[in-house]
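K.L.:
dropping a prediction and its sequence here:
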Amino acid sequence: MILTVSGIIAILMPVLACILQIVFAGFSLGCIPSVGAAVFAVLAFWRKGPTLAIVSVLLAFVQICTLNIVLTVIIAVIGAVASIFLMLGCEKWREAHPELTDPKAATKHMIIGFILPCAISLLVMYAYPVVRTFFMSFFDMPNITAPVSEWTFAGLGKYVKIFSSQSFIRSLQNMLMIWFVGGIITLALALLFAVILTSGIRFKKFFRAAIYMPNVISAVALATMWIQYIFNQQYGMLNSIIKFFNGTPINWLATDMKFWAMLGSFIFGAVGYYMLIFISGIEKIPADLYEAATIDGANKAQQAFKITFPLLKGVTKTNLTFWTINTATFYLWSKMFSPVDTEASVIVPVMYLYDTAFPSKGNMRADAGAAAAVGIVLAIIILAVYLVMNKLIKDDDVEL
Amino acid sequence: MGIAGFITALAASAISLIISFIPVQLNNILAALFLVILSVMCYMMPQRTSLKGCLIGCSILFVVFRFVYMSLIGRVLYIILAAAIIAGAIMMNTGSQNTTTGGKTA
């Protein structure tokens, strides 16, 4: 009896509070926990779960704190108290029916109950923008938030537009250079450091932390540090060294050098991350393989080429995928190296996308459709690289 | 342990209720009142562990939501009160386990 009455009140009150709030005062933050409280009350009532009822109580409490009309807050308090009684009712029901509460089934439903809010928010926050971006790339619209009624169909026009733009082609070339040249250097260095650090040298932990350190520092700070302390034409470290040997200082940030300066500093920041992934892969390889190889007379280099590298295929694939995503979404370093006006030497697709969607110059018109098309092209590139890599590199993980 | 915990939690939530009148805002007053109700319910039904969990969760949420309104001294005061409520709830729970299971936990 107590279970049914409190359950109905606990479900209805938050819904009522939410509706009244929207009708009389418009949407407020409290409406979201209201819906959550009602959903968890339904789940608690259905599964007779006291834990689900606790979540409902907590959400109802959040609702009390965030609603802003007297009537709705009072209704929310009633709902919260009802949720407490629902919880007590659930516990009582469980005590009375121990045979009916299958712990495994309850766990399964609990998992669904707890994952649901996250899954819904994931759908709203990720799936919706992806779908909207896809459709936006076929339409012309005044700005990025324009309602659908203002969109006019443009077919493949936006794709034609971006591919006939010199800047976009240049940005793709730059991205390819970063991916290919930067990828080879970064992954080679990461693998080298990983092999050295797992070969049993002294101060392994210190070196690992030291190499990983740039990842902990904000990329903005890191880029500023490189621009101000290393590449500065007058006081920078590189030119100081050149001056020390009586050489002519070089303008590292001149148009023709800028790209390589940016790539160098980016690699410095990225190596540690990939090194850690390689280390985890190397540490997974069983020691017996090396012992057997040593007994067979293989030296360290042979062991590296015949055992370590072949068994790191899976990890290399992971690293390559991460690297591709990292390059496709490359933006910050480019922005830091050309902060005021986007320069052709360091432009990358994401920067082109940003400039197209939110042009900084007054005479340029924002083109959200073209920006969406750039996003879709990038997504297709990442997907294609991933699929090709999956085909080319087969996983030969160690079978234990 | 049980009674001491109850008094701690009730006193802390009652003080929260009193200071939630500055400034007078219905949400805060009712939210603090809810904490008092929960404390009393925890005492009335000592065998329900979940209720104490509710009390702890609500006291934390109360601090979270009151935080933006408060001056520094108010924030510190609320954190101390929430800590007292949590301590009270834990003491009540320990006390109830002592009486029902002879001190053994599950």
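P.N.:
Sure, I can see it. Numbering: from 1, shown residues only, chains lettered A, B, ... in the order given.
K.L.:
what ranges do the helices span in chain B?
P.N.:
With DSSP state H as the criterion, chain B has helices at B:2-19, B:26-44, B:49-66, B:72-101.
K.L.:
contacting residues for residue A:274?
P.N.:
A:186, A:187, A:190, A:319, A:322, A:323 (C-beta atoms under 8 Å, 6 or more residues apart in numbering or on different chains). For the C-beta atoms, the positions are set from N, CA and C on the backbone; glycine is no exception.
K.L.:
buried subset of the residues you listed as a ChimeraX selection?
P.N.:
A single ChimeraX command is used to select the members of the contacts of residue A:274 judged buried by 16 or more other C-beta atoms under 10 Å in any protein chain shown:
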select /A:186,187,190,319,323
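K.L.:
now residue A:79: which helix or strand?
P.N.:
helix A:70-96 (DSSP states H and E).
K.L.:
OK, contacts around residue 1?
P.N.:
Assuming you mean chain A. Here residue A:1 is in contact with no residue (C-beta under 8 Å, 6+ apart).
K.L.:
hm, I was asking about chain B
P.N.:
B:91, B:92, B:94, B:95, B:98.
K.L.:
the fourth one against residue B:46, yeah?
P.N.:
What it means is residue B:95. Yes. Between residue B:95 and residue B:46 there is a contact under C-beta atoms under 8 Å: 7.0 Å.
K.L.:
and chain A, which residues reach chain B?
P.N.:
A:50-51, A:53-54, A:57-58, A:61-62, A:64-68, A:70, A:73-74, A:76-77, A:80-81, A:84, A:87-88, A:91 (C-beta under 8 Å from any C-beta of the partner chain).
K.L.:
now those: which count as buried?
P.N.:
Buried, going by 16+ other C-beta under 10 Å: A:50-51, A:53-54, A:57-58, A:61-62, A:64-67, A:73-74, A:76-77, A:80-81, A:84, A:87-88, A:91, out of the residues of chain A next to chain B.
K.L.:
the nearest residue to residue A:144 once chain neighbours are set aside and residue A:164, how far apart?
P.N.:
Among residues not flanking residue A:144 along the chain, residue A:368 sits closest, at 4.2 Å (C-beta to C-beta, 6 or more residues apart in numbering or on different chains). From residue A:368 over to residue A:164 the distance is 18 Å, taken as C-beta to C-beta, to the nearest Å.
K.L.:
neighbour count winner among these two?
P.N.:
Counting neighbours by other C-beta atoms under 10 Å in any protein chain shown for residue A:368 and for residue A:164 shows that residue A:368 has the greater number, 23 against 9.
K.L.:
which residues does residue A:190 contact?
P.N.:
So residue A:190 contacts A:271, A:272, A:273, A:274, A:275, A:277, A:278, A:319 (C-beta under 8 Å, 6+ apart).
K.L.:
do that again at 10 Å, thanks
P.N.:
Residue A:190 makes contacts with A:211, A:267, A:270-279, A:319, A:323, as judged by C-beta atoms under 10 Å, 6 or more residues apart in numbering or on different chains.
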